[in-house]
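1. sequence-free structure coming up:
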């Protein structure tokens, strides 16, 4: 009789409780939501409105070649000519590009604001301040030339005699 009871316990399938299924189901739903959220976020990969490309003097820029930009007209929808962005010249005088908007409902070129000394030599210079339209690939090339998006903060060191000159860049 004891042997029959042992066989019943060995052959019996474990009972699955609702209290086991609910937490497992919740964890699976949570994992799917995180995965879908990550996929949707990665679909918006790339520069965003407000991002800055900083060309810091005297830091040398990686030369990616010149970029032709359209000068944005006063209404934003028309264009008032072209000018050239040369990263090595932009870095020599310092300046920055700020992304202000993306045209064509987020699928087109970027409207950026340039502020700095100059963008090129001679007549192809955009000036010290300009509203420009730049295609996405050119904007990424400009950012690569400058070392990426964002502004590097200079660290001031204290010396034995007082405040020392900026010595290092910190991201």
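-> The structure has been received and is ready for your questions. Small disclaimer: the values here were computed from a predicted structure and weren't measured.
2. let me know the pLDDT of residue 105.
-> pLDDT for residue 105: 71.
3. also residue 159?
-> Confidence score, pLDDT, at residue 159: 42.
4. try residue 171
-> pLDDT recorded at residue 171 is 40.
5. how about residue 94?
-> 89.
6. can you tell me which residues contact it?
-> 55, 56, 57, 116, 117 (C-beta atoms under 8 Å, 6 or more residues apart in numbering). C-beta: built from backbone N, CA, C; applies to glycine.
7. measure it to residue 122 for me?
-> Distance, residue 94 to residue 122, using C-beta to C-beta, to the nearest Å: 19 Å.
8. nearest residue to residue 150 in space, please, no chain neighbours.
-> residue 52 (6.3 Å; C-beta to C-beta, 6 or more residues apart in numbering).
9. was I right to think residue 64 contacts residue 146?
-> No: contact status for residue 64 versus residue 146: not in contact, 9.6 Å apart, counting by C-beta atoms under 8 Å.
10. tell me which of the two has more neighbours.
-> residue 146 (25 against 18; other C-beta atoms under 10 Å).
11. I figured that one hits residue 53, correct?
-> Yes: taking contacts as C-beta under 8 Å, residue 146 lies within contact range of residue 53: 5.0 Å.
12. beyond the longest helix belonging to the chain, next helix or strand please.
-> Criterion DSSP state H: the longest helix present in the chain is helix 18-43. From helix 18-43 onward toward the C-terminus, using DSSP states H and E, the following helix or strand is strand 52-55.
13. rounded mean pLDDT for the next helix or strand after that next one, please.
-> Later in the chain than strand 52-55, the nearest helix or strand by DSSP H and E is strand 67-72. Averaging pLDDT along strand 67-72 gives 92.
14. number of nearby residues for the nearest residue to residue 113 once chain neighbours are set aside?
-> Spatial nearest neighbour of residue 113, excluding adjacent residues (C-beta to C-beta, 6+ apart): residue 98 at 4.8 Å. With neighbours defined by other C-beta under 10 Å, the count for residue 98 comes to 15.
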